[in-house]
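Q: what follows is a predicted structure for the sequence shown.
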Amino acid sequence: MFYKNLLTNIYLKFSKFYVFLFGRKKMQFINDIIFSLSLDAKGYKHYGHLHFSGEKTFVRSIKKEIKLSIDIGANVGDYTKLLLKETDSKIISFEPLKDAFKDLEKIKDQYKDRLDVYNIALGAESKKQDIFFEHGKSEKASLISDLSQLSIIGDRNKNKTLIDVKKLDDFEKHFDDKKIDLIKIDTEGYEYEVLKGSEKILKKHKPKFIQIEFGWHHLIKNQSLYNISQLINFSDVFRILPHGQNLIEINPARPENNIYHLSNYVFIRKDISNSFK
């Protein structure tokens, strides 16, 4: 307790000095640099490269825990291939864009016994819906109609096509004799809807791991990491750290953990989460 109080007092004194010195308008550019570097180091702004984002290390750390995985928003199959190469898991992958799906089918040809692929999107209800995209293999394709206010997208998603959207719960019978261990969701802002359409599956299977991407899309949709976490209330929440620096447990109810930069979170079932803390 003595050392805790001592460190608290040191922090408070340093904080007052720092704010006095760097709280001025002309010094904000230094705060911006420090803030941006801190975000990078804490696991924000990391996407695209599976090693840089820390996802490859995460998958390797759970390879003995997963026998059946679901990749939702698989695109051309990079994450699917990661699972196939690094684990013995069977995988079911969903991707709505036809051109990207053709790449998934090629992977299926190599792993016939371990991979099933579906050319559909998943959401909160089953219906026909437009998907908006830049090109046929775009990683930024989204079911959200207008993302022009997001600088990472701007006016790129000019194309649209009508696709089938299903609920994961529509596949409930498909999993009657199987247990889902991992669900990965990367749907460019549609993560909440995917989870809403998976309520029966989540209740029945309680997957060990659910990985989602969280970022700018959720800001414009008035969604938070906290309200997403309420749909997975049987799990603790972790952020994936960059370059394979493992995971860090976070409290989704705290504002500093609801930063709307692209980051990857893993919801780990409470009965096994202690081994990842």
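A: That came through, no problem.
Q: which other helices and strands contact the lowest-mean-pLDDT helix or strand in the chain?
A: When each helix and strand of the chain is scored by mean pLDDT, DSSP states H and E, helix 2-22 comes last, with a mean of 86. Identification of packing neighbours for helix 2-22 by 3 or more C-beta pairs under 8 Å, 6 or more residues apart in numbering; DSSP states H and E yields helix 28-42. (Each C-beta comes from the backbone N, C-alpha and C, glycine too.)
Q: show me what counts as buried in the helix it packs on.
A: residue 42 (16 or more other C-beta atoms under 10 Å).
Q: all strands of the stretch 101-250 of the chain, in order?
A: 115-118, 121-122, 127-133, 159-166, 182-185, 209-214, 235-240, 247-250 (DSSP state E, counting those that start in this stretch).
Q: need the contact partners of the helix or strand just after the last one.
A: Sequence-wise, the next helix or strand beyond strand 247-250 is strand 263-269, with elements assigned using DSSP states H and E. With C-beta atoms under 8 Å, 6 or more residues apart in numbering as the contact definition, strand 263-269 has outside contacts at 43-47, 53-55, 58, 206-215, 225, 229, 232, 234-240, 247, 250, 276.
Q: for strand 263-269, the averaged confidence score.
A: Mean pLDDT, strand 263-269: 97.
Q: between it and strand 235-240, how big is the angle?
A: 150 degrees (axes from the mean of the first three to the mean of the last three C-alpha atoms, to 10 degrees).
Q: can you give me the angle strand 263-269 makes with strand 209-214?
A: 150 degrees.
Q: can I get strand 263-269 as CSV, trimmed to CA atoms?
A: Taking Å, rounded to 0.1, in the frame of the first residue of the first chain, the C-alpha atoms of strand 263-269 are listed here in CSV:
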residue,chain,number,x,y,z
SER,A,263,-8.1,-2.8,-33.6
ASN,A,264,-8.7,-6.5,-33.0
TYR,A,265,-10.4,-7.8,-29.9
VAL,A,266,-10.8,-11.4,-28.6
PHE,A,267,-13.6,-12.4,-26.3
ILE,A,268,-12.4,-15.4,-24.4
ARG,A,269,-14.8,-17.6,-22.5
